[in-house]
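[1] generate coordinates for the sequence data below:
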Amino acid sequence: MDGTAIIIILAIAGVASVLLFAIKGVLDQVPDVIASASRARDAWHRFRRAETPPTPPDGPAHPPCE
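    Numbering: from 1, shown residues only. Down below sits the predicted model:
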């Protein structure tokens, strides 16, 4: 019975260790993902601005005909 309890404790500790290692790996990538999303958003805004036609100036486009 003592051997079983030790094995269970070691198994739980091993699972917790692997879980913490995986969580640390994911959290280490979060700043890079945020920076990449920011760059993608900026590129999308630049693309959308370049796609819109320029607005005409105020007033008539041609002088009135006489």
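
[2] can you list the low-confidence ranges for the chain?
    51-66 (pLDDT under 70).

[3] just the helices in it please.
    In the chain, the segments counted as helices under DSSP state H are 2-51.

[4] how far away is residue 45 from residue 39?
    11 Å (Cβ to Cβ, to the nearest Å). Quick note: C-beta positions are derived from backbone N, CA and C, even for glycine.

[5] wait, I meant residue 6
    Looking at residue 6 against residue 39, where the rule is Cβ to Cβ, the gap reads 51 Å.

[6] next: residue 10.
    45 Å.

[7] residue 15 too?
    According to Cβ to Cβ, residue 15 stands 37 Å off from residue 39.

[8] and residue 19, how many neighbours?
    Residue 19 has 10 neighbouring residues, counting by other Cβ atoms under 10 Å.

[9] no, scratch that, I was asking about residue 48
    Residue 48, neighbours per other Cβ under 10 Å, totals 9.

[10] mind listing what it touches?
    Listed by Cβ atoms under 8 Å, 6 or more residues apart in numbering, residue 48 has no contact partners.

[11] gap between it and residue 8?
    When distance is defined by Cβ to Cβ, residue 48 is 58 Å away from residue 8.

[12] also residue 34?
    As for residue 34, its distance to residue 8 is 40 Å (criterion: Cβ to Cβ).
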